[in-house]
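Peer 1: I'd like to go over a predicted model; first the sequence, then the structure.
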Amino acid sequence: MFGFLIALLSGALMSVQGVFNTQVTKTSGIWVANAFVQFTALLVCLAGWLITDRSSFTSLWKVEPKYMLLGGVIGAFITYTVIQGMALLGSAKAVMLIVISQLIVAYVIELLGLFGVEKQPLEMRKMIGMAVAILGIVIFKWT
């Protein structure tokens, strides 16, 4: 149940962040806004580390495969694309497409067992669920 609530909170925070970041770009520019977002995220993470964790940063160099360390780079492009998507489509449409894209890519990763994720079998009910979600976007777009 806790995982379910955390996932819902994550989605809500992503939506609010996207709206905030899109508004910031109106006066600063997309890469300035993105840099500010990433910098303030760094400060919050460092504060959290000081308060709760204190594990060694050198443990990062033990991560294998090394490309797994690209999460921050991907995060910068996530922020950029969320800002652009919301600016071009509006918050609701952009978030719906973002969520569907996340769902499809996550399911493909599971189906193929990519990036060290345990491979899962193809399930028709999950395919139907994705189709219903996509249909929901189509209905939302044309109403």
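Peer 2: Right, received. Where do you want to start? Since we're looking at a predicted model, the values are computed, not measured. Numbering: from 1, shown residues only.

Peer 1: Residue 124 versus the closest residue in space to residue 28 that isn't next to it in sequence, what's the distance?
Peer 2: Among residues not flanking residue 28 along the chain, residue 36 sits closest, at 7.4 Å (CB to CB, 6 or more residues apart in numbering). Where C-beta positions appear, they are placed from N, C-alpha and C, glycine not excepted. Look at residue 36 and residue 124: by CB to CB, to the nearest Å, they are 45 Å apart.

Peer 1: So for these two, which residue has more residues nearby?
Peer 2: Each of residue 36 and residue 124 has its neighbours counted (other CB atoms under 10 Å); residue 36 has more, 14 against 7.

Peer 1: Roughly how far does the more buried one sit from residue 132?
Peer 2: Applying CB to CB to residue 36 and residue 132 gives a distance of 38 Å.

Peer 1: Helix or strand: which one has the residue most central in space within the chain?
Peer 2: Closest to where the C-alpha atoms of the chain average out (CA atoms, centre = their mean) is residue 78, at 6.5 Å. Taking DSSP states H and E as the criterion, residue 78 maps to helix 71-89.

Peer 1: counting contacts, what elements does that helix pack onto?
Peer 2: For helix 71-89, the elements it packs on are helix 2-28, helix 30-48, helix 91-112, judged by 3 or more CB pairs under 8 Å, 6 or more residues apart in numbering; DSSP states H and E.

Peer 1: quick check: mean pLDDT across the second one?
Peer 2: Pointing back at helix 30-48 there. Taken as a whole, helix 30-48 has a mean pLDDT of 95.

Peer 1: Much appreciated, bye for now.
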